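A.B. asks: Next input, structure requested:
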Amino acid sequence: MRSEKELLETRARVLREQKTLNDDVKGRQMTGSEERRWNQLQDEIDELTSEIESGRVMKRRMAAKEEFRQSGQQPVGTIPAKAAGIRSIIEQGVTSITEGTIHSAMKRAVTSATAASTIQDPAVTGEVILKPLQNGAPGKLMVDIRDGVAQNTSIAKLTNYAGFNVHAETAEIAAGNLTVAPITWNLVNFASRVDMANNVTRDAVTDWPDVINNAFNADLEHTITKQILSGAGGTEITGIDGYIGVQTVDASDSTLTWDMILQSVQKVLAKNVDPSKIAVIMHPVAWLQLQSLKDTLGQQITKPAGLSGVPIVIHTAVGVEYGEDNDQTRVYVGDFSTCKLGVGGKYEITSEKSKADHDMTQFIMIYRADMQLFHPEHIVRIENVATA
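C.D. replies: Numbers count the residues shown, from 1 in each chain. Next up is the predicted model:
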């Protein structure tokens, strides 16, 4: 484990590199590779900051434990802010965690610093909602995640590309095919519940807020990823599978090959998509098929050079129950930044005691989201991939 001094020095070095990159692109737009590098540096800065904060919290916890061991009394003010926030739900009857009691590592940099703003405020979502999506599959796929979205509000969608023509002087400018239309967010409710035995708090277990937080985060990331891919619409998000215009490659009930992915990438590139924005997501079953490919001499067939730098996300949110016999899977290839994920509405973490019945505390998290797919033709779905 690196010391705090080493972490601070590493963060300072990464910040300098990011500043240099910022200076280099002043007066112009970042290229795809520069934007990608900037995001990588920012992720590294966030992780280092979180690690530094966690180390400091751990030091305080160890000091508090030692003081408790020696004196038998819990020192005042040693409970981490995040733990205090969730404990207030149980001990003080509070039904939401205010931003002021969320640990600093959990806050989003652009949120208000006032304790008056709560996680239920649509304008102050906080990283407790967005971090799992940014660090999980949606972020790795470069999905365009938008927070603070309000129900039934609209965003502008470019429904076609600008059509430029050679223009003769004094002649009438020819009509183009560029169309901009409004798309309305229709937020879908999602809910998750975690039950905790009250003996956990009675026995003064210190890490239970993190366990609950991680449970919510994992559930949120998996559910939203699955919805982006295959949400059925209606009471669910309309996922990629529900859009007309998504391109396809037919695996014809055979196992996955690199050629199928290359063919899919070619289809995306034919739509003039920036190669640096292309990503792939597949089920672990499909990933194993690729790793097991061998040539006629029994040598492993490795990832083609043409796919170098293309992120491949392995995730169980991809279904394996397609086909008549429920024995097929799918692979998605494309520019996922065309997927606009709106996260908005009220975010609630509430609890309800049920001591008389089960001596448990129930934590319930409600979150709302919607997705709009701007350019279905920028995504290719490899269908009918055999799972065996």
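A.B. asks: Nearest to the spatial middle of the protein, which residue is it?
C.D. replies: What sits nearest the mean C-alpha location of the chain, by CA atoms, centre = their mean, is residue 133, with 1.8 Å.
A.B. asks: I'd say that one and residue 139 touch.
C.D. replies: Yes: look at residue 133 against residue 139 with CB atoms under 8 Å: they come within range, at 6.2 Å. To be clear about C-beta, it is placed using only N, CA and C from the backbone, and glycine gets the same treatment.
A.B. asks: shared neighbours, the two?
C.D. replies: residue 145 (CB atoms under 8 Å, 6 or more residues apart in numbering).
A.B. asks: returning to what we had before: find the helix or strand that the residue nearest to the centre of the chain is a member of.
C.D. replies: Using DSSP states H and E, the element containing residue 133 is helix 127-135.
A.B. asks: Now that helix: average pLDDT?
C.D. replies: For helix 127-135, mean pLDDT rounds to 62.
A.B. asks: again with stretch 219-229
C.D. replies: Here stretch 219-229 scores 92 as its mean pLDDT.
A.B. asks: where's the nearest residue to residue 158 once chain neighbours are set aside relative to residue 48, distance?
C.D. replies: In space, and not counting its chain neighbours, residue 158 is closest to residue 180: 5.7 Å by CB to CB, 6 or more residues apart in numbering. From residue 180 over to residue 48 the distance is 41 Å, taken as CB to CB, to the nearest Å.
A.B. asks: the more surrounded of these two?
C.D. replies: Taking other CB atoms under 10 Å, residue 180 and residue 48 do not tie; residue 48 has more neighbours (21 against 9).
A.B. asks: show me what contacts the more buried one?
C.D. replies: Taking CB under 8 Å, 6+ apart, we find residue 48 in contact with 7, 10, 11, 14.
A.B. asks: I'd like the next helix or strand past the helix or strand harbouring the second one.
C.D. replies: If I follow you right, that is residue 10. Here residue 10 sits within helix 4-24, counting by DSSP H and E. Counting by DSSP H and E, the next helix or strand C-terminal to helix 4-24 is helix 32-71.
A.B. asks: chain center to that next one: distance?
C.D. replies: Centre-to-centre, helix 32-71 and its host chain are 20 Å apart (CA atoms, centre = their mean, to the nearest Å).
A.B. asks: Also compute the angle for it relative to helix 4-24, please.
C.D. replies: Taking axes from the mean of the first three to the mean of the last three CA atoms, to 10 degrees, one finds that helix 32-71 is oriented at 160 degrees with respect to helix 4-24.
A.B. asks: so residue 235 sits in a helix?
C.D. replies: No: if the criterion is DSSP: H, G, I helix; E, B strand; the rest coil, then residue 235 is coil and not within a helix.
A.B. asks: was I right about it contacting residue 188?
C.D. replies: Yes: counting by CB under 8 Å, residue 235 does reach residue 188; the two are 6.8 Å apart.
A.B. asks: Show me which of these two is the more surrounded one.
C.D. replies: Each of residue 235 and residue 188 has its neighbours counted (other CB under 10 Å); residue 188 has more, 19 against 8.
A.B. asks: got a list of what the more buried one touches?
C.D. replies: Contacts of residue 188 by CB under 8 Å, 6+ apart are 227, 231, 235, 236, 237, 368, 369, 370.
A.B. asks: among these, which ones are buried?
C.D. replies: 227, 231, 237, 368, 369, 370 (16 or more other CB atoms under 10 Å).
A.B. asks: farthest-separated two in the residues you listed?
C.D. replies: 231 and 368 (13.5 Å; CB to CB).
A.B. asks: list the buried ones in stretch 377-388?
C.D. replies: Of all the residues in stretch 377-388, those buried under the rule 16+ other CB under 10 Å are 377, 378, 379, 380, 381, 382, 383, 384, 385, 386, 387.
A.B. asks: Tell me the gap between that stretch and the middle of its chain.
C.D. replies: 22 Å.
A.B. asks: From residue 295, how far off is residue 272?
C.D. replies: Residue 272 sits at a distance of 34 Å from residue 295 (criterion: CB to CB).
A.B. asks: ok, which stretches of the stretch 201-350 of the chain are helices?
C.D. replies: All helices of the stretch 201-350 of the chain, identified by DSSP state H, counting those that start in this stretch, fall at 208-230, 258-269, 284-291.
A.B. asks: Reformat those helices as TSV; add distance to residue 28.
C.D. replies: Below are the helices of the stretch 201-350 of the chain laid out as TSV (distance: least, CB to CB, whole Å):
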stretch	distance to residue 28
helix 208-230	32
helix 258-269	24
helix 284-291	38
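A.B. asks: closest to residue 30 out of those?
C.D. replies: helix 258-269 (20.6 Å).
A.B. asks: ok and the closest one relative to helix 284-291, angle-wise?
C.D. replies: Using the same axes, to 10 degrees: helix 258-269 against helix 284-291 is 110 degrees.
A.B. asks: Next, the residues that contact helix 258-269 from outside, please.
C.D. replies: With contacts defined as CB under 8 Å, 6+ apart, helix 258-269 is touched by 247, 249, 251, 275, 278, 280, 290, 293, 301, 303-304, 306-307, 310, 331, 333-335, 378-380, 382, 385.
A.B. asks: Recalculate using a threshold of 10 Å.
C.D. replies: 247-251, 254, 257, 273-275, 277-278, 280, 282, 286, 290, 293, 301-304, 306-307, 310, 312, 331-335, 377-382, 385 (CB atoms under 10 Å, 6 or more residues apart in numbering).
A.B. asks: and what of stretch 284-298?
C.D. replies: Stretch 284-298 has contacts (CB under 10 Å, 6+ apart) with 251, 254-261, 280, 282-283, 299-303, 312-316, 318, 320, 329-331, 382, 385-388.
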